[in-house]
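Trainee: Got a sequence here, can you model it:
(one chain, ligands or ions: 1)
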Amino acid sequence: MSEIAITRTQQPKAPPPDESLAFGDVFSDHMFQMNYEVGKGWHDPRIVPYGPFMLDPACCVLHYGQGIFDGLKAFRGQDGHIRLFRLGDHARRLNRSAHYLCIPELDPAMVEESIRALIEVDRNWVPRKAGTSMYIRPTVIATETFLGVHPSHSYLYYVIAGPVGAYYKEGMNPVRILASDQHVRAVKGGLGAAKTMANYAASLYGAEEAQKAGYTQVLWLDALEHKYLDEVGTMNIMVKIGDEVVTPPLGGAILAGITRDSVLTLLRGWGMKVSERAVSIDEVLDAAKAGRLEMWGTGTAAVISPVGELGFKGERHLINDGKTGALTQKLYDAIVGIQYGTEPDPHGWARLLGN
Ligand code: COI
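Mentor: Numbers count the residues shown, from 1 in each chain. You can find the predicted model right below:
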């Protein structure tokens, strides 16, 4: 990548107090941008003041959703160092999402460099309080002005970031989820494995219905039989049934979550029995009734989200007496410990930002 041109804002803002942070509503002073055109490739990497940009009303992404994004975090440890969690894995996943959406290759090294450079410029925005972090959103949108349907000939890659607190208002407390046999998020052969706008658009209607019924999120079942667990809300889903931890396998409609991978790696390292296999809603309900179930979601935004109640076909099922399970808590503590640098990092997941 050619050198990143940096234009600093003339009106720097004061970051809000850490105590006030929610999720995704505050953005730092700068953003990264880079353009793509057929014949020219990716060019003009730059950091500029954060702000709106002009798009032609006919540009592809606004009509056909040809766009992708990723989400990762930077943490400020008690030692004062800033750590980017699994930066390389997020950069590679963005490139895989690009592939599914017919977006030109994004060199993961270029993606890493763009994120590092932006967080370096806005390092004073990385919050300090426990439980807070800087959420980073690399995004690619199709920008060609054209109403026919074909992969765009031009793109904008940009990165924005902002300080965040907990994703769910419940924080690291059990949420109530509703398994839906009416709505589906994604189908095998479709876009479920890509981090693309369409999957989130598809989740809105079902999520609204679940919230009206008093639940926090939807437990998505597979689109063909409405029988097997896919994801929960915007997260991967995991269950512990007896002594086996089970999560749906990749290769179908689900996203290859980075936190999912971190959890599986930790569990295997702890010598636990871990299976990536199809798990049906009936198997999960039987385990709940027998008191043998622990259930949690994994994702970058919330890290680990315990499930305390599962609704299905008009019935409510308590999970682990509605409390956070011991393994769920242990996983949360282990990952957060690595992110803030209070625990050893044997897998090299946390990369220090230069001082
Ligand atoms: C995540 O769990 O990290 C997400 O995908 C949430 C994001 C859509 C805000």
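
Trainee: Per-residue pLDDT of residue 244, please?
Mentor: At residue 244, the model reports a pLDDT of 97.

Trainee: Would you mind measuring from it to residue 287?
Mentor: Distance, residue 244 to residue 287, by Cβ to Cβ, to the nearest Å: 10 Å. From N, CA and C alone the C-beta is placed, and that goes for glycine too.

Trainee: Comparing these two, which shows the higher neighbour count?
Mentor: With neighbours defined as other Cβ atoms under 10 Å, residue 244 and residue 287 compare such that residue 287 has more, 22 against 15.

Trainee: SS state for the more buried one?
Mentor: With DSSP: H, G, I helix; E, B strand; the rest coil as the basis, residue 287 sits in helix.

Trainee: Any regions of the protein where pLDDT drops low?
Mentor: For the chain, the stretches with pLDDT under 70 are 170, 355.

Trainee: care to break it down by domain?
Mentor: For the chain, automatic domain parsing gives the domain ranges 5-164, 175-340.

Trainee: which residues does the residue in the stretch 251-355 of the chain that the ligand sits nearest to contact?
Mentor: Using Cβ to the nearest ligand atom, the closest approach of the stretch 251-355 of the chain to the ligand is made by residue 299 at 2.4 Å. Applying Cβ atoms under 8 Å, 6 or more residues apart in numbering to residue 299 gives the contacts 167, 233, 234, 235, 236, 257, 259, 305.

Trainee: Buried ones from those, can you make that a PyMOL selection?
Mentor: The buried residues among the contacts of residue 299 can be selected in PyMOL (16 or more other Cβ atoms under 10 Å) with this line:
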select buried, resi 167+233+234+235+236+257+259+305
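
Trainee: shouldn't residue 334 be in contact with residue 265?
Mentor: No: the pair formed by residue 334 and residue 265 falls short of the contact definition of Cβ atoms under 8 Å, at 10.4 Å.

Trainee: Tell me which of those two has more neighbours.
Mentor: Each of residue 334 and residue 265 has its neighbours counted (other Cβ under 10 Å); residue 334 has more, 18 against 14.

Trainee: helix or strand for the more buried one, which one?
Mentor: helix 326-339 (DSSP states H and E).

Trainee: likewise residue 140?
Mentor: Using DSSP H and E, the element containing residue 140 is strand 133-142.

Trainee: Okay, now the sheet partners of that strand, with direction.
Mentor: strand 67-69 (antiparallel), strand 72-76 (antiparallel), strand 154-164 (antiparallel) (DSSP bridges).

Trainee: Put together a markdown table for those, with distance to the ligand on each row.
Mentor: Converted to a markdown table, those look like this (distance: least, Cβ to the nearest ligand atom, whole Å):
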| stretch | distance to the ligand |
| --- | --- |
| strand 67-69 | 8 |
| strand 72-76 | 9 |
| strand 154-164 | 9 |
